[in-house]
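Q: below: sequence and its predicted model.
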Amino acid sequence: MTDPTAPNAARFAPLPPERLERWARFPAAERVIFPSFLGLRLEEVRTDYARMRLPYRSELEQPAGVVHGGALATLIDTTVVPAIGCAYPERRDLFTISLQLQYLAPVAREDAICEGWVEKRGRSTVFCRAEVRGASGTLTTTSSVIYKVARPR
């Protein structure tokens, strides 16, 4: 049975163990960075695919009592990073060029789960799609994301 919060995962091959290990602690870093500050958690990473969760907490709400669109945008923008980065044997800096969102339904008092995947790779530009669902499985946000991939450090 397909997980209603991750209907796209099976389309993507598992990562080799060494790449999976490299991404296992994402977005944790040597210092607190914005995605960690928000509490984002990586749930799965595969070849050209990642799934992350934004655990619900009331501080993420906007005045109408639903999760703020900016928090969902951060979830999407962060989820595609391991989907993009897992293709490279070395660490690369990744930069958002474009982030387009379509808010279809609110996320209210539940976790938000994002699936992000690579649609097309160029030499230094990667085109991605992402979908956010509430923990109940309702599709809430769709997105198109374009990233620049820097040369190896």
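A: Thanks, I have it.
Q: where exactly do the strands run in the chain?
A: Shown for the chain, the strands assigned by DSSP state E span residues 41-46, 49-54, 94-103, 112-121, 125-134, 139-149.
Q: can you tell me which of those strands is most buried?
A: Highest mean neighbour count among those (mean count of other Cβ atoms under 10 Å): strand 49-54, with a mean of 25. C-beta: built from backbone N, CA, C; applies to glycine.
Q: paired strands for that strand, with orientation please.
A: strand 41-46 (antiparallel), strand 112-121 (antiparallel) (DSSP bridges).
Q: quick one: those strands as JSON lines, columns for distance to Val66 and mean pLDDT too.
A: JSON lines is the format used below for these (distance: least, Cβ to Cβ, whole Å; pLDDT from 0 to 100):
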{"stretch": "strand 41-46", "distance to Val66": "20", "mean pLDDT": "96"}
{"stretch": "strand 112-121", "distance to Val66": "10", "mean pLDDT": "98"}
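Q: got CSV for those, with distance to Leu20 too?
A: Formatted as CSV, those follow (distance: least, Cβ to Cβ, whole Å):
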stretch, distance to Leu20
strand 41-46, 7
strand 112-121, 16
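Q: so what's Leu99 bridging to?
A: Residues in a beta bridge with Leu99, per DSSP bridges, are Val145.
Q: could you dump the strands of the chain to a markdown table with distance to Glu30?
A: Below are these laid out as a markdown table (distance: least, Cβ to Cβ, whole Å):
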| stretch | distance to Glu30 |
| --- | --- |
| strand 41-46 | 17 |
| strand 49-54 | 20 |
| strand 94-103 | 17 |
| strand 112-121 | 24 |
| strand 125-134 | 25 |
| strand 139-149 | 22 |
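Q: Pro63 is nearest to which of these?
A: Proximity to Pro63 (Cβ to Cβ) singles out strand 94-103 among these, at 15.7 Å.
Q: that closest one vs strand 139-149, what angle?
A: 160 degrees (axes from the mean of the first three to the mean of the last three Cα atoms, to 10 degrees).
Q: angle of strand 94-103 against strand 125-134?
A: 40 degrees.
Q: which helices and strands does strand 94-103 pack with?
A: In terms of contacts (3 or more Cβ pairs under 8 Å, 6 or more residues apart in numbering; DSSP states H and E), strand 94-103 is packed against helix 69-85, strand 139-149.
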